[in-house]
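Dropping the sequence and predicted coords here.
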Amino acid sequence: MTVSTSTSSPPRKRNWHSLQASETRLAWGLISPTAIIVFGLVLFPAFFSIWISFHQVTLRNLNDVFHAPFIGFDNYRSVFTDFAFKYHNLLNMGAAVTSVVYSFLATIFTVIVGLIAALLLNKPFRGRGLSRATFLFPYVAPIVSVAFIWRWLLDPRPSGVLNDLLMRLNLIHMPKAYLATRGLALVLVIIFEAWRYFPFAMLMILARLQAIDSTLYEAADVDGASTWSKFLYITMPELRYIVGAIFLLRLIWTFNKFDDIFLLTGGGFGTNVLPVLTYQFSFKMFNFGKGAATAMILLLALIIFLAAYILVVMRNVEEA
């Protein structure tokens, strides 16, 4: 009987100057700047905010923040019991309820106005290209400029555009402070949000409208279908996925919006929302732990919206 023995060769050491090693070093070198930026500007601030929300961080210990005392969920309890956060009545709903009402109503009006604009601009007419460009103005204009134009239009002094116009028409006898009236101020910021962001919905819906097969409408015309029937049974079924995606995306972005309300009202007169409340706790009261806790509550709400987007819209798209 012969026994064969096989000797395994020792593993070869990777040559530092080999082509594979050079490609590996090149890959790490190329992704390192992006990785450092993402870590420094996204990951570290996110985890640091979570850490701060469980510690007592104020101006007194801001120079030694990593030794701030741990207080557990006290910051979160302080936010939930704060007068500015809690619901009181319809004219003072608190930041939490106001954020939900503001986000949902502004998103609904944004989608509706965007749908109407897309349907109008989808029809051929002279100057359609110029009209489309004009409709994009609210979306592409800087937020600071359009916000201050609206503040000028709604100026509470007699020289304000709306006050002057209504007084000339004898519809009012005294100038009104529109952005300083509870209830009306919230309605106006919702209208502003819908006006500013309807071009986004219009562009997305218009792109889908132009992809609908025209033979569907021709067949409906042969069958004698009315305009409303064609819209109800052809247009809307073709638009349901894109409208759903726009609604949830705009809802997430609006819920996280800070600059629009801050520039118009500063969060006063019943328009305080969670992003503005986070700013007030952090940079007006200088209670950074409480501000971070408010931001984490806002983050949790956004995660819920994102989960709804993934479960509802993305699943429907895959099934289609």
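Nice, I can see it.

Now tell me what touches stretch 258-269 from outside.
Contact partners of stretch 258-269, identified using C-beta atoms under 8 Å, 6 or more residues apart in numbering, comprise 102, 143-144, 147-148, 150-151, 179-182, 185, 188-189, 192-193, 196, 271-273, 275-277, 279-280. Any C-beta I mention is one placed from the backbone N, CA and C, and that applies to glycine too.

swap in stretch 166-182?
Under C-beta under 8 Å, 6+ apart, the answer for stretch 166-182 is 91-92, 151, 154, 156-158, 160, 162-163, 184-185, 188, 264-265, 268-270.

Which residue is the nearest non-sequential neighbour of Gly183?
Leu91 (5.6 Å; C-beta to C-beta, 6 or more residues apart in numbering).

Quick check: phi and psi at that neighbour.
With angles defined as degrees, to the nearest 10, Leu91 sits at phi -90, psi -10.

Identify the residues contacting it.
182-183, 270.

how does it look with 10 Å?
181-183, 186, 269-270 (C-beta atoms under 10 Å, 6 or more residues apart in numbering).

In a markdown table: these, plus neighbour count, distance to Thr215 and pLDDT.
Shown next, in a markdown table, are those (neighbours: other C-beta atoms under 10 Å; distance: C-beta to C-beta, whole Å; pLDDT from 0 to 100):
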| residue | neighbour count | distance to Thr215 | pLDDT |
| --- | --- | --- | --- |
| Thr181 | 16 | 53 | 89 |
| Arg182 | 15 | 53 | 90 |
| Gly183 | 13 | 50 | 89 |
| Leu186 | 23 | 46 | 93 |
| Phe269 | 21 | 53 | 88 |
| Gly270 | 21 | 51 | 88 |
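
tell me the two of those that are most distant?
Within the contacts of Leu91, Thr181 and Leu186 form the most distant pair, 9.5 Å apart (C-beta to C-beta).

shared neighbours of those two, which are they?
Any residue near both Thr181 and Leu186 by C-beta under 10 Å, 6+ apart counts here, and that gives 91, 269-270.

The stretch 201-320 of the chain: helices as residue ranges?
Assigned helices in the stretch 201-320 of the chain, in chain order: 214-222, 227-230, 236-255, 259-264, 274-283, 288-308, 315-319 (criterion: DSSP state H, counting those that start in this stretch).

For Leu115, find the nearest of these.
helix 236-255 (7.2 Å).

for the closest one, packing partners?
helix 94-121, helix 184-209, helix 288-308, helix 315-319 (3 or more C-beta pairs under 10 Å, 6 or more residues apart in numbering; DSSP states H and E).

Generate JSON lines for those helices, with distance to Leu169 as supplementary columns.
JSON lines is the format used below for these (distance: least, C-beta to C-beta, whole Å):
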{"stretch": "helix 94-121", "distance to Leu169": "26"}
{"stretch": "helix 184-209", "distance to Leu169": "19"}
{"stretch": "helix 288-308", "distance to Leu169": "43"}
{"stretch": "helix 315-319", "distance to Leu169": "49"}
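
least reliable of those going by mean pLDDT?
Note on these: helix 315-319 shows the lowest mean pLDDT, a mean of 60.

about what we covered before: relative to Asn122, which of the contacts of Leu91 is nearest.
The closest of those, once distances to Asn122 are taken by C-beta to C-beta, is Leu186, at 32.7 Å.

Give me the residue at the spatial middle of the chain.
Nearest to the mean C-alpha position of the chain, counting by C-alpha atoms, centre = their mean, stands Trp253 at 0.7 Å.

any weak-confidence spans in this structure?
1-14, 16, 313-320 (pLDDT under 70).

can you tell me which residues contact Leu306?
Leu306 neighbours (C-beta under 10 Å, 6+ apart): 248-249, 252.
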